[in-house]
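1. The amino acid sequence is not available; the structure is as follows:
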């Protein structure tokens, strides 16, 4: 068994015995024990009572975090002509059509969000097996297939976060940086949980939110009381 480092051991000891605490307590704990040499991301993981293999139990959506993510989001846009110009002017990092498709097919994916105008979807559709598993496929349900590319680019750059339940019914995302003020992290966390709560699918039975956990990029996780996460 690998020997744990002093930093990891100390963090685990600090977290020991702490379960189902308030969002505020969890944020304080995480900030106090995040001592990596970079500004760690505060991550949330939500175990939901859904089976995403059934269409009526899929959880998917988008939320604009009130205080942003603290991350520099790289945006790629599939568009032509004036719409391509609009995307570039709005701050898109990569704009293209067939050329962008070929770049992605070659294995070069240098973006975190992909947006497309509706007329580009026949081209983007060929990339489903590449973009789909990475949760990068443009989708009208989360506003990434749109004619209003400028607003979509600005939203992606400004702290908009997409979420989608994985096979085990888990939704996870980054909700800010350890360097954020505690109050701003708490506000972001509650905004994210609220969005997932509102995205509850019709087919969900029993308890919807089973467990909510927070962690930093390099730190252990801590469970928070669901009622605290929802602000109830």
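-> Structure received. The structure presented is a predicted model; accordingly, all values stated were derived computationally and were not measured. Residues are numbered from 1 along each chain as shown.
2. for the longest helix seen in the chain, packing partners?
-> Counting residues, the longest helix found in the chain (DSSP state H) is helix 182-198. Here helix 182-198 touches helix 23-33, strand 41-48, strand 60-64, strand 160-164, strand 170-177, strand 209-216, helix 226-230, going by 3 or more C-beta pairs under 8 Å, 6 or more residues apart in numbering; DSSP states H and E. From N, CA and C alone the C-beta is placed, and that goes for glycine too.
3. quick one: which of those has the weakest pLDDT on average?
-> Here the lowest mean pLDDT among the helices and strands packed on helix 182-198 goes to helix 226-230, at a mean of 87.
4. Who are the contact partners of the residue nearest to the spatial centre of the chain?
-> Geometric centre of the chain, nearest residue: residue 173, 3.5 Å, by C-alpha atoms, centre = their mean. By C-beta atoms under 8 Å, 6 or more residues apart in numbering, residue 173 lies in contact with 43-44, 161-163, 192.
5. which stretches of the protein have low pLDDT?
-> 1-17, 231-232 (pLDDT under 70).
6. Reformat the helices and strands packed on helix 182-198 as CSV; add distance to residue 118.
-> Output for the helices and strands packed on helix 182-198, formatted as CSV (distance: least, C-beta to C-beta, whole Å):
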stretch, distance to residue 118
helix 23-33, 39
strand 41-48, 31
strand 60-64, 18
strand 160-164, 19
strand 170-177, 27
strand 209-216, 34
helix 226-230, 36
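7. related to what we said a few turns ago, what's the most distant pair in the contacts of residue 173?
-> Using C-beta to C-beta, these span at most 14.7 Å, a distance reached by 43 and 162.
8. coming back round to it: ranking by neighbours, what's the top pick from the contacts of residue 173?
-> With neighbours defined as other C-beta atoms under 10 Å, the most crowded of the contacts of residue 173 is residue 44; it has 26 neighbours.
9. who's in contact with that residue?
-> Contact analysis of residue 44 by C-beta under 8 Å, 6+ apart lists 172-175, 189, 192-193, 212-214.
10. still on that earlier bit, what's the longest helix of the chain in contact with?
-> 23-24, 27-28, 31, 42, 44, 46, 48, 59, 61-67, 161, 163, 171, 173, 175-176, 180, 208-209, 212, 214, 229-231.
11. For stretch 66-85, measure first residue to last.
-> 28 Å (C-alpha to C-alpha, to the nearest Å).
12. List the buried residues for that stretch?
-> 67-70, 73-79, 83-84 (16 or more other C-beta atoms under 10 Å).
13. Mind checking which of these are in helices?
-> Counting by DSSP H, those place 83-84 in helices.
14. Now render the buried residues of stretch 66-85 as a markdown table, adding distance to residue 197.
-> As requested, those are exported to a markdown table (distance: C-beta to C-beta, whole Å):
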| residue | distance to residue 197 |
| --- | --- |
| 67 | 19 |
| 68 | 21 |
| 69 | 20 |
| 70 | 23 |
| 73 | 24 |
| 74 | 29 |
| 75 | 27 |
| 76 | 30 |
| 77 | 31 |
| 78 | 32 |
| 79 | 34 |
| 83 | 34 |
| 84 | 37 |
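15. Closest one to residue 157 out of the buried residues of stretch 66-85, please.
-> residue 73 (5.6 Å).
16. tell me the angle the longest helix of the chain makes with strand 60-64.
-> On the basis of axes from the mean of the first three to the mean of the last three C-alpha atoms, to 10 degrees, helix 182-198 is oriented at 150 degrees to strand 60-64.
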